[in-house]
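Novice: Sharing a model that was predicted from the sequence below.
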Amino acid sequence: MKEHNMSSATATRRFMPSATYEGPGKTGTIMIWADGAPKQVECTWGLKPVEAGGKHVSLLRWEGREISNPCLIIANDFGLRIDGRFKYRASLITDAPFFCLSGIWRPATSDWPAAYAALTTEAYPDIAPYKDRHVAVVREDDWLNWLQQSKPVSEILRPFPPGSFSVLGTARPTLSAICSILADALVRVAHV
């Protein structure tokens, strides 16, 4: 695990690189809280499998989970890639060159490298037409709160309002998105 010391959230933004993740199993840069300060470390994306010979754990639901070893995953965008092609790709609308996803990390053990997993949440309104769940984004004002766990998780990982993300996609809308769109259309027609 490669480390870089940071002294504050402002320093965190200044030293964070562009995210260039290739996907689970690859190395990525995350931020952790260690020795009273944020630190940038490189870890493998994917926690040790639960079962021997199983698949690494790259995504976990945050709801109902006790959060230990929180981390921030540096990102420019996120999405769903199948067979090398993106079905959708989303990016937080911001002037900043990156944003951060919520995650948890584990130090290296004798049989697994230092690793992390992204936490998922119910889809934000902009992304709901493409996916029911996706990675949870942490607002910049809450980066230190997330790392230090100084606020309830539900306050930090609250949903973003419509219009917060730009989304490019080729995926078909989910059934729940179709039902929501249809219900909205029916309500509009009923009020005409």
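Specialist: Okay, I see it. Numbering: from 1, shown residues only.

Novice: any idea how far the residue positioned nearest the centre of the chain is from residue 111?
Specialist: In the chain, the centroid-proximal residue (Cα atoms, centre = their mean) is residue 101; its distance is 3.2 Å. Using Cβ to Cβ, to the nearest Å, residue 101 is found at 26 Å from residue 111. Backbone N, C-alpha and C define where each C-beta goes, glycine included.

Novice: just residue 143 next, same as before
Specialist: Counting by Cβ to Cβ, the gap from residue 143 to residue 111 is 32 Å.

Novice: Compare neighbour counts for the two and give me the winner.
Specialist: With neighbours defined as other Cβ atoms under 10 Å, residue 143 and residue 111 compare such that residue 143 has more, 19 against 6.

Novice: Isn't that one up against residue 102?
Specialist: No: contact criterion Cβ atoms under 8 Å: residue 143 and residue 102 do not qualify, at 10.1 Å.

Novice: what residues are shared contacts of these two?
Specialist: Common contacts of residue 143 and residue 102 (Cβ atoms under 8 Å, 6 or more residues apart in numbering): residue 72.

Novice: Tell me which helix or strand comes right after the lowest-mean-pLDDT helix or strand in the chain.
Specialist: Counting by mean pLDDT, DSSP states H and E, the chain has its least confident helix or strand at helix 9-15, which shows a mean of 41. Using DSSP states H and E, the helix or strand that follows helix 9-15 towards the C-terminus is strand 27-34.

Novice: distance between that next one and the chain's centre?
Specialist: Between the centre of strand 27-34 and the centre of its chain there are 13 Å (Cα atoms, centre = their mean, to the nearest Å).

Novice: show me where pLDDT drops low in this protein?
Specialist: 1-24, 170-192 (pLDDT under 70).

Novice: For it, just list every one of the strands.
Specialist: 2-5, 27-34, 37-45, 59-61, 70-75, 78-82, 85-92, 99-106, 115-122, 133-135, 137-138, 165-169 (DSSP state E).

Novice: Need the CA coordinates for the second one. CSV is fine.
Specialist: Going back to what we said before, that points to strand 27-34. Included here for strand 27-34 are C-alpha records, laid out as CSV according to Å, rounded to 0.1, in the frame of the first residue of the first chain:
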residue,chain,number,x,y,z
THR,A,27,-5.2,-0.6,-8.3
GLY,A,28,-6.9,2.7,-7.5
THR,A,29,-6.1,5.7,-5.3
ILE,A,30,-8.3,6.2,-2.2
MET,A,31,-8.2,8.6,0.8
ILE,A,32,-8.2,7.2,4.3
TRP,A,33,-8.0,8.7,7.8
ALA,A,34,-4.9,7.6,9.6
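
Novice: Each with direction, which strands does it pair with?
Specialist: Applying DSSP bridges, strand 27-34 is found paired with strand 37-45 (antiparallel), strand 70-75 (antiparallel).

Novice: what angle do the last one and strand 115-122 make?
Specialist: This points to strand 70-75. 80 degrees (axes from the mean of the first three to the mean of the last three Cα atoms, to 10 degrees).
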